[in-house]
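Asker: Could you work out the structure for the sequence below:
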Amino acid sequence: LVSTFRLSSEQLSSQDHYDFGMRAVNTVINTAGLLKSRDPTQDEDLTMLRAIRDSNLPKFLSDDILLFRAIIKDIFPGVAEPSAEYADLEAQIKA
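Answerer: Numbers count the residues shown, from 1 in each chain. So this is what the prediction gives:
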């Protein structure tokens, strides 16, 4: 987690809305806890990857998303990034 934020703060563009401090750490830890409670058998590396990705990716500019995904791939080698599924949201949008 710390390595991901350190590399992100060094490599991503400087934006006022990017936060890699304690507030962001707390958000990732809370997200990981929610993911683990939903699926206790899920691998810890995958849980952390999803928590880091899901709590940070929405705030990044498109150019930084590619860099962030490369950082995640380096920090979590061999862990496939799962695709996000929003079936409920998509159903509500279509309705």
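Asker: S8: neighbouring residues, count only.
Answerer: Neighbour count of S8, defined by other CB atoms under 10 Å: 20. Every C-beta, even on glycine, is put in place using the N, C-alpha and C of the backbone.
Asker: Could you measure from it over to L49?
Answerer: To L49, S8 is 14 Å away according to CB to CB, to the nearest Å.
Asker: roughly how far apart are S55 and A91?
Answerer: On the measure of CB to CB, S55 and A91 end up 24 Å apart.
Asker: likewise D63?
Answerer: Counting by CB to CB - D63 and A91 are separated by 32 Å.
Asker: for R6, helix, strand, or coil?
Answerer: Classification of R6 by DSSP: H, G, I helix; E, B strand; the rest coil places it in helix.
Asker: Contact partners for it?
Answerer: The contact partners of R6, by CB atoms under 8 Å, 6 or more residues apart in numbering, come to F20.
Asker: Next: the one 5 residues further on.
Answerer: Residues touching Q11, when contacts are defined by CB under 8 Å, 6+ apart, comprise L67, I71.
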